[in-house]
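Asker: sequence and predicted structure below; questions after.
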Amino acid sequence: MDRIIRIGTRDSELAMWQAKTVEQSLQKLGYKTELVPVKSTGDLVLDKPLYEMGITGIFTKTLDVAMIKKEVDIAVHSMKDVPTALPQGIVQGAVLKRANTVDILLHKGDTSFMSEDAEAVVATGSLRRKAQWLNRFPKHTTVDLRGNVNTRMEKLENSDWKGAIFASAGLDRIKKKPSNFINLDWMIPAPAQGAMVVVVNADDNFALDAVAQLNDYETEMTTYIERQFLRTLEGGCTAPIGALATYNDHDDTINFKGVLFSLDGKEKFEVTKVVDIAEWKKLGFFAAKEILENGGSELMETLRQQLKK
Ligand SMILES: NCc1[nH]cc(CCC(=O)O)c1CC(=O)O
């Protein structure tokens, strides 16, 4: 146990909280650790929408390089920011027990704009959130909002927008969730939202053994289903896709809901499934196939054209 496990992390408040949580768990198991904060391009490049940069791995790229160069031994990520295909030589070591998966709207006290016929401006940098918001509130407009959680809250404060959309988990973790929020329980979260993943160099058995002890099997399974759905649909583009799988322990089943939207939110494909736990390995694949075979593949092709750089 003498080796020090170097934990790579982005340097935002949320990322640091997540990495420290992993660090504490490893220390409790008796491991020596060191935190290595790294600035990532996701924080640095803020003048262009993320999807225009053509990389899904915008948040993870810098840490991937640090891993491959063996500057760090493991890295902690918000799992929803991690591309479905990991770089060669890097493997998933553990998925931590999932937190709240819901998206929330932060507002400024007045929520009367949340009606069918009101006009309002709501901020989000996510295509998935934008499409689902416009699907529900067709008369609203959305504006792009990026940066880490803290920056986005500040921008909302200094704007005339009615509200902005966040993942509850991010604000809960850094204890910055204000009282003026609404749970968007109708919005389907990003695949793996609310889950943290620890990635490890594939040839590092010491770190693999250490990290494996942090894995939560239920979260590993449900995020696998959601990311398989995403991977089967996406073909390498950041489309408006949501997915949520939950496990019911009373009858040993999985509930799954997956959605695909057009950018303006007007077109919507949805699949809902309840299956026996024995069928979990292919659930995401079959759900995606169902959408693709019912018109979803045409929409995916349109999205690929629209999002192409
Ligand atoms: N894309 C940024 C990001 N990545 C992970 C989280 C929060 C934690 C999570 O969703 O797991 C956030 C912030 C947000 O979406 O508001």
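Answerer: Cool, got the structure.
Asker: in the helix or strand where Met300 lies, what's buried?
Answerer: Of the helices and strands defined by DSSP states H and E, Met300 is found in helix 297-307. Using 16 or more other C-beta atoms under 10 Å as the burial criterion, the residues of helix 297-307 that qualify are 299-300, 303, 307. C-beta here means a position set from N, CA and C on the backbone, and glycine is covered the same way.
Asker: pick out whichever of these sits closest to the ligand.
Answerer: For the buried residues of helix 297-307, the residue nearest the ligand by C-beta to the nearest ligand atom is Leu307; the value is 16.9 Å.
Asker: tell me if I'm right that the closest one and Thr238 touch.
Answerer: Yes - taking C-beta atoms under 8 Å as the contact criterion, Leu307 and Thr238 are neighbours in contact, 6.5 Å apart.
Asker: Glu13 touches Val149, doesn't it?
Answerer: Yes - contact criterion C-beta under 8 Å: Glu13 and Val149 qualify, at 7.1 Å.
Asker: overlap in contacts of those two?
Answerer: In the contact map built from C-beta atoms under 8 Å, 6 or more residues apart in numbering, the residues linked to both Glu13 and Val149 are Ile174.
Asker: so those two - more neighbours on which side?
Answerer: Set side by side, Glu13 and Val149 show unequal neighbour counts under other C-beta atoms under 10 Å, the larger going to Val149 at 18 against 15.
Asker: ok, the more buried one to Trp17 distance?
Answerer: When C-beta to C-beta, to the nearest Å is applied, the distance between Val149 and Trp17 equals 10 Å.
Asker: grab the nearest non-local neighbour of the residue of the stretch 1-150 of the chain found nearest the ligand.
Answerer: For the stretch 1-150 of the chain, the nearest residue to the ligand under the criterion C-beta to the nearest ligand atom is Ser78, separated by 3.3 Å. Leaving aside its chain neighbours, Ser78 sits nearest to Met196 (6.4 Å; criterion: C-beta to C-beta, 6 or more residues apart in numbering).
Asker: gap between Met153 and Ala195?
Answerer: The span separating Met153 from Ala195 equals 22 Å under the rule C-beta to C-beta.
Asker: who has more neighbours, those two?
Answerer: More crowded of Met153 and Ala195, by other C-beta under 10 Å: Ala195, with 25 against 18.
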